[in-house]
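Chemist: Sequence and predicted structure, then a few things I'm wondering about:
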Amino acid sequence: MKWINHQIVTGFIVCTATDNALFTASAIVGAVIPDRVEGSPPKESSAYWKWRKNHRTWSHWPLIYIALIGAAQVAQIYYPEPTLNFVLSLITYALVGALLHIAEDALCGKVPIFTPHKKYGIKLFKVGAWTEYFFAALIILICLFIRFGDIELLKSYLDLLRSYLDL
Ligand SMILES: [Zn+2]
């Protein structure tokens, strides 16, 4: 998935779940961490293949991020100082963003789950294909519906529309 779609999809999911602008911003930053830590692919051939071999292994291993989230939670319990607590929450949401990135990658390729070198995934769409944008739009619609969805309101609009059409 392209970085921009990673950021949009992750942002909408975290915003819907937390309704907090700063946590959402943090998750959007975190949504590119797993790719960022790999650096850009080197031009030189042998260095490239070395990079390629480790692509989407350690950087995309969810257990690392889950362990870091756990550590942040423990630190919050032991150091209840408000500023530190808030910073730890921001870090936690950045890590949640990274986990969502990995989940999104698993839909268009393969990512490790149990060990860093054995990868799993379902190929729902190709990176950059129209289906990727369709998927991103679908997630946005689902989030908007969860957030603002109101069946009664929708029905009243439809009734209104029908009454106009009858005239
Ligand atoms: Zn990735």
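Modeler: Looks like it arrived, so ask away. These numbers were taken from a predicted model, which means no experiment stands behind them. Numbering: from 1, shown residues only.

Chemist: where does the chain come near the ion, residue by residue?
Modeler: Along the chain, the residues adjacent to the ion under the rule C-beta under 5 Å from the ion are 34-35, 105. C-beta: built from backbone N, CA, C; applies to glycine.

Chemist: Wait, Asn54 touches Pro41, no?
Modeler: No - the criterion here is C-beta atoms under 8 Å, and Asn54 misses it with Pro41 at 11.0 Å.

Chemist: ok, back up a step: reformat the residues of the chain next to the ion as JSON lines; add secondary structure and neighbour count.
Modeler: As requested, the residues of the chain next to the ion are arranged in JSON lines below (DSSP: H, G, I helix; E, B strand; the rest coil; neighbours: other C-beta atoms under 10 Å):
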{"residue": "Pro34", "secondary structure": "helix", "neighbour count": "25"}
{"residue": "Asp35", "secondary structure": "helix", "neighbour count": "19"}
{"residue": "Asp105", "secondary structure": "helix", "neighbour count": "20"}
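
Chemist: Closest one of those to Phe12?
Modeler: Nearest to Phe12 out of the residues of the chain next to the ion is Asp105 (C-beta to C-beta; 17.1 Å).

Chemist: Can you give me the separation between that closest one and Ala137?
Modeler: Using C-beta to C-beta, to the nearest Å, Asp105 is found at 18 Å from Ala137.

Chemist: Then Leu100?
Modeler: In terms of C-beta to C-beta, Leu100 sits 17 Å off from Ala137.

Chemist: Pick out whichever of those two has more residues nearby.
Modeler: Set Leu100 next to Ala137 and count neighbours by other C-beta atoms under 10 Å: Leu100 wins out with 20 against 13.

Chemist: Can you give me the distance of that one to Trp58?
Modeler: Separation of Leu100 from Trp58 (C-beta to C-beta): 18 Å.

Chemist: other SSEs contacting the helix or strand containing Leu144?
Modeler: In this structure, Leu144 is located in helix 130-148 according to DSSP states H and E. Applying 3 or more C-beta pairs under 8 Å, 6 or more residues apart in numbering; DSSP states H and E, we find helix 130-148 packed against helix 3-18.

Chemist: Using neighbour counts, pick out the buried residues of stretch 126-136.
Modeler: Using 16 or more other C-beta atoms under 10 Å as the test for burial, stretch 126-136 gives 132, 135-136.

Chemist: Sounds good, over and out.
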